[in-house]
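**Q** Sequence first, predicted model second:
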Amino acid sequence: MPFVYESTGTITRFTDYRDPKPRGRNVFSFHKPETIAEWLKKEKSLRERLLSIPALDETGLRPAQIVAVNNLEHSFKKNRPKALIQMATGAGKTFTAATFVYRLLKHADAKRILFLVDTKNLGEQAEQEFMTFQPNDDNRKFTELYNVQRLSSSYIASDSQVCISTIQRLYSILKGEELDESAELDNPNENSWLQNKMSKNKAVPVEYTPKVPIEQFDFIVIDEAHRSIYNLWKQVLDYFDAFLIGLTATPDKRTFGFFNENVVSQYTYEESVTDGVNVPYDVYTIETEISQKGETIKAGWFVDRRDKLTRKKRWQQEDEDTEYKRNDLDKKVVNPSQIRNIIREYKKALKTTIYPNRIDENGEYEVPKTLVFAKTDSHADDIIKLIREEFDEGNDFCKKVTYKIEEDPKSVLNRFRNSYYPRIAVTVDMIATGTDVKPLEVLLFMRDVKSINYFEQMKGRGTRTINSDSLQLVTKTAKTKTHFVIVDAVGATKSKKTDSRPLERKKSVPMKDLLGAITMGVADEDLFLSLANRLIRLEKQITEKEKNRLLEFSGGKNLKQITKKLITAFDQDEIETKAQIEIDKIPVEDQTPALIEEAKKEAQEQLILEASKTFNGELNGYLDNVRKQHEQIIDSVNIDTVTKSEWETTSVDKATEIVKDFSEYLETNKDEIKALSIFYNQPYNRRDITFKMIKDVMEKLQLEKPLLAPDYVWNAYATLEDVKSKQPKDELTALVSLIRRACGIDSELKAYDKTIENNFKTWIFKQNAGQHNRFTKEQLDWLRMIKDHVVSSYHIEIDDLDYTPFDAKGGKGKMHQLFGKQMKDIINELNEVLAA
């Protein structure tokens, strides 16, 4: 038999000697006898079948997707057990996955592939992607060729070839438990079910489950792999004897380590923008006095106090001054004026600066699709109420998209994505990550985030490209999506970010229970880190007076010192340093590995004791009570004012770079592209520039520099200088305007169609001034038609008179009848005058 198992009783290794280069691998348990019998019926092993996967048909794939699939398959052929694909959000990770999954099923005869996600929402999106995926070599859809099952219970169909599951559900299946669907709504790092599991069962290890053998899946694709492969969940992946493929836009150090640093493809956001796969963004900052500095509610004022959960208000007179800082906003204190001023300023900036050319056919401003990130569910409610008021709109205009709303959140999200209303959606975290809303043009941050990965995922909601027709179905006045705008009202783009692990892992455990466990002598890393995180937050929230009172119960230690001890107790560097002091006292010849390990153990026990002995009944009672704030104060007295509303400096720098790139591109190509050659080298001949010449410039620009779309370059100029003209609706006309500005014909950016209109009026005025009413009314009508033709086509030839709209008026013959021998001269003169 070609199958060999080696085992110590703890670790088991398996080798299939039919593989091209047989290599042992660790397995969780033995394979089922039925599986081995099935393998023996096949002529080749899976790893040998991988060697004969044919070359990739690259049709319909982007360059980054081609690289990812080819390099991944090369990794399979080298028998690398893990591989990581880093691909920018919006660059088509799931489509890439569907491509290689199809090829593995068809060409490598894979039995079953698992597509693993960490939220139900991502699972539903993946299912949609597989349902719509059509391979290049078959007219049928993926789901007509292979069975795709999204797991909603513990049942895994025997004939399913692609299973889509959350990692939470898979863990529960291996534990032999059913899982409520609500446990799949949030990602595991924030999931209360996960936290309860960890605190109650201390990450109970999975055991062999005959219903789900280790060979259940040949390949496991892990979507958003940076989030869900650690701690409790790692054992789920270790259980299966399968190749692991990670997909992520934002890996951290742990991600690279988990996948053995086998990064088969790296495609960054910056690269995707350069390739035109994603759109870039600009940052607009709004700051208010209270947002930055906070305020004080004076003693004697009558204010509302609102219950955080029920939102029930009661009116009371304040006994003492309450000072609140920026970080207290929407937690301890709600200031409606602060929220109102941000919303009001956003509305104003939209119309004047951010997207000024969005006036519909009724003369009304059309608000671009906007996603607002709120701090909490209660904060979201406050924002929605004030948005509806400030924009003078009804309920449909602005909606909340969280799992806590009465409406079906999926339905609201679909309307936000595909329908005209809502124009603005407010979320806490449901669509912060992994959800496509392609028409989005603005992200309004009214909450900060400290995790760099989470922030990048949130930004990713705006990066998606969308074709003009699809965009105009939901936003009629939008021409193209060339970029999106982050409106930063909380300093989210400037605040310090970290990619380190979150400290608190037992979020649902009350502070009282954490303190009690420490006092009773429980030495658990999760417990210590969770309490450390609570105390770090508490230190920022309590007043100086409260901090001084705390010293009385803690033996003179402040919260920062207490927190440091808690973290140090499980810091391996600190443990080793402390142990080394004792080890150095022992002669080198007596320093056995067992003795060194014992020294480390004793060092950690000492650090744990030092950290925990601070806690006592009095301190615990004080810490538990000082943090309790059941109510929010509604500060309706202090009125806020906007202190800053402008493009971020980086946006100005970016705009300068765009204008520079555009000018350099024109300069570089002025000898190759005929229209540019005329503009730069023979400006006196610009009357000869035709519609086709301008179209050639546009096509070359779109091919070589998709980032330099006229709409985006126009906005860059508008950021840098006072552009009085509205951007022309026609993209080619906007391009001509920009070329004239870049090559110096115009000293300021002016809409070329308006330039033609003004030149025509000036010319007519001169004709009439010199020769009283030189042209008849009928002749003037013809001249206006010629002018309109030049506005749309930049040039007119005599032969153009045989086509619309001239042919309906008699064409070339009629013009000759009206103007006689002057006809050619007038056409030449208008070509020159209008292009001036």
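**A** That came in fine, so what should we check first?
**Q** How confident was the prediction at Arg227?
**A** On the pLDDT scale, Arg227 is placed at 66.
**Q** residues contacting the residue nearest to Glu289 when sequence neighbours are not counted?
**A** Spatial nearest neighbour of Glu289, chain neighbours left out: Thr641 (5.1 Å); criterion: Cβ to Cβ, 6 or more residues apart in numbering. In this view, the C-beta of every residue, glycine as well, is placed from N, C-alpha and C. Going by Cβ atoms under 8 Å, 6 or more residues apart in numbering, Thr641 touches 288-289, 341.
**Q** which of the residues in the helix or strand Glu657 falls within are buried?
**A** Per DSSP states H and E, Glu657 falls inside helix 649-669. Residues of helix 649-669 classed as buried: 651, 654-655, 658-659, 662-663, 665-666, 669 (neighbour count, 16 or more other Cβ atoms under 10 Å).
**Q** Going by distance to Tyr717, which of those wins?
**A** Each of the buried residues of helix 649-669 was scored against Tyr717 by Cβ to Cβ, and Val659 proved nearest at 6.2 Å.
**Q** what about stretch 468-488, average pLDDT?
**A** In this model, stretch 468-488 has a mean pLDDT of 91.
**Q** mind listing what Thr209 touches?
**A** Taking Cβ under 8 Å, 6+ apart as the contact definition, Thr209 lies against 173-174, 176.
**Q** So which residues of the stretch 101-250 of the chain form strands?
**A** 113-117, 148-150, 162-166, 219-223, 243-248 (DSSP state E, counting those that start in this stretch).
**Q** Kindly report the same for the stretch 301-450 of the chain.
**A** 302-307, 313-317, 322-324, 333-334, 370-373, 398-400, 424-427, 442-445.
**Q** now the stretch 601-750 of the chain
**A** Ranges of strands within the stretch 601-750 of the chain are 631-634, 642-647, based on DSSP E, counting those that start in this stretch.
**Q** quick one: strands adjacent to the first one?
**A** I take that to be strand 631-634. strand 302-307 (antiparallel), strand 333-334 (parallel) (DSSP bridges).
**Q** and those, which is most packed in?
**A** Of those, the one with the most neighbours on average (mean count of other Cβ atoms under 10 Å) is strand 333-334, at a mean of 22.
**Q** Show residues contacting stretch 6-13.
**A** Here stretch 6-13 makes contact (Cβ under 8 Å, 6+ apart) with 5, 15, 24-30.
**Q** go with 10 Å
**A** Stretch 6-13 is touched from outside by 4-5, 14-15, 23-30, with contacts defined as Cβ atoms under 10 Å, 6 or more residues apart in numbering.
**Q** ok, now stretch 798-809?
**A** Applying Cβ under 10 Å, 6+ apart, the external contacts of stretch 798-809 come out as 778, 781-782, 785-786, 788-790, 793, 796, 810-816, 818, 823-824, 827-828.
**Q** 6 Å - rerun?
**A** Residues outside stretch 798-809 that contact it (Cβ atoms under 6 Å, 6 or more residues apart in numbering): 785, 811-812, 815.
**Q** Including secondary structure, distance to Thr248 and pLDDT, could the residues you listed go into TSV?
**A** Shown next, in TSV, are these (DSSP: H, G, I helix; E, B strand; the rest coil; distance: Cβ to Cβ, whole Å; pLDDT from 0 to 100):
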residue	secondary structure	distance to Thr248	pLDDT
Met785	helix	59	91
Gly811	helix	63	88
Lys812	helix	65	87
Met815	helix	65	89
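**Q** Top of the residues you listed by number of neighbours, please.
**A** Neighbour counts for the contacts of stretch 798-809 were taken using other Cβ atoms under 10 Å; the highest belongs to Met815, with 23 neighbours.
**Q** List the contacts of it.
**A** 801, 823.
**Q** Find the centremost residue of this protein, please.
**A** Here the mean C-alpha position of the chain is nearest to the C-alpha of Gly460 (Cα atoms, centre = their mean), at a distance of 1.6 Å.
**Q** Look up how far Asn685 lies from Ala835.
**A** Note on Ala835: its distance to Asn685, by Cβ to Cβ, to the nearest Å, is 9 Å.
**Q** er, Val334 I mean
**A** Val334 sits at a distance of 66 Å from Asn685 (criterion: Cβ to Cβ).
**Q** Check Leu386 too.
**A** Distance from Leu386 to Asn685, by Cβ to Cβ: 57 Å.
**Q** okay, those two: which has more neighbours?
**A** Ranked by neighbour count (other Cβ under 10 Å), Leu386 and Asn685 place Leu386 first, with 19 against 13.
**Q** quick one, what contacts that one?
**A** 339-340, 343.
**Q** quick one: which of those is nearest Arg169?
**A** Nearest to Arg169 out of the contacts of Leu386 is Ile339 (Cβ to Cβ; 38.4 Å).
**Q** Show me which pair in the contacts of stretch 798-809 is furthest apart.
**A** Maximum distance among the contacts of stretch 798-809 (Cβ to Cβ): 12.9 Å, for Met785 and Lys812.
**Q** And the helices in the stretch 1-150 of the chain?
**A** Assigned by DSSP state H, counting those that start in this stretch, the helices in the stretch 1-150 of the chain fall at 33-41, 46-50, 63-77, 93-107, 120-132, 142-145.
**Q** Lowest mean pLDDT among the helices and strands of this structure, which one is it?
**A** helix 192-201 (a mean of 43; mean pLDDT, DSSP states H and E).
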